[in-house]
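Visitor: Got a predicted model here, sequence first, then my questions.
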Amino acid sequence: MSQERLKIEVARAALKYVEEGMVLGVGTGSTVNAFIDQLASSGIRLEGAVSSSEQTTRRLEQIGVSVLELNHTGDLDLYIDGADEVDVNKRLIKGGGGALTREKVIGASASR
C-alpha cells in the first residue's frame, strides 16, 4: 500500500473518534491534511477546532471549521495528529519542530 493510501486509512480511523459538536485539537502535517480531507467529506459538524499551525488553520477554515484560540476553549475533547515514526514500544517521533511546541501544548489540553 502506498504511503498516501496509508495516510488516508489512518485519517479514516481517527475520524471514528470524532463526534458531532466536539472541540478538536488538530496537529500539523501530511497525515493531518488527510484527516482534514476526510473530515470535510464526513458531514460531521464541530463546535470548532484549535489548530497547531497556520497551514492547518487555513485548511480547517477552507472546510468551514471555526478555528478557536486555546485560551478561550478550556480543555479539548480530542487531539488529532500524526507522527513521523513509532517504535515497538509505541513511542512517537514528531517532525522537525516547526509546530512542535504548539502541538505539545494543544495535545496536553485534550482529554483524549
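Guide: Nice, thanks for sending it over.
Visitor: what residue ranges in the chain score low on pLDDT?
Guide: 94-99 (pLDDT under 70).
Visitor: so which strand or helix has residue 102?
Guide: If you go by DSSP states H and E, residue 102 is part of helix 100-108.
Visitor: Quick check on residue 15: phi, psi?
Guide: phi -60, psi -30 (degrees, to the nearest 10).
Visitor: Can you tell me the closest non-neighbouring residue to residue 12?
Guide: residue 38 (5.6 Å; Cβ to Cβ, 6 or more residues apart in numbering). In this view, the C-beta of every residue, glycine as well, is placed from N, C-alpha and C.
Visitor: Whichever strand or helix holds that neighbour packs against which elements?
Guide: Here residue 38, judged by DSSP H and E, is contained in helix 30-42. Applying 3 or more Cβ pairs under 8 Å, 6 or more residues apart in numbering; DSSP states H and E, we find helix 30-42 packed against helix 3-15, strand 23-26, helix 54-62.
Visitor: right, so the ones you listed: which one is the most enclosed?
Guide: The highest mean neighbour count among these, using mean count of other Cβ atoms under 10 Å, belongs to strand 23-26: a mean of 26.
Visitor: Need the residues that contact that one.
Guide: 18, 32, 35-36, 46-52, 56, 60, 68, 70, 73, 76-81, 106-107, 109-110 (Cβ atoms under 8 Å, 6 or more residues apart in numbering).
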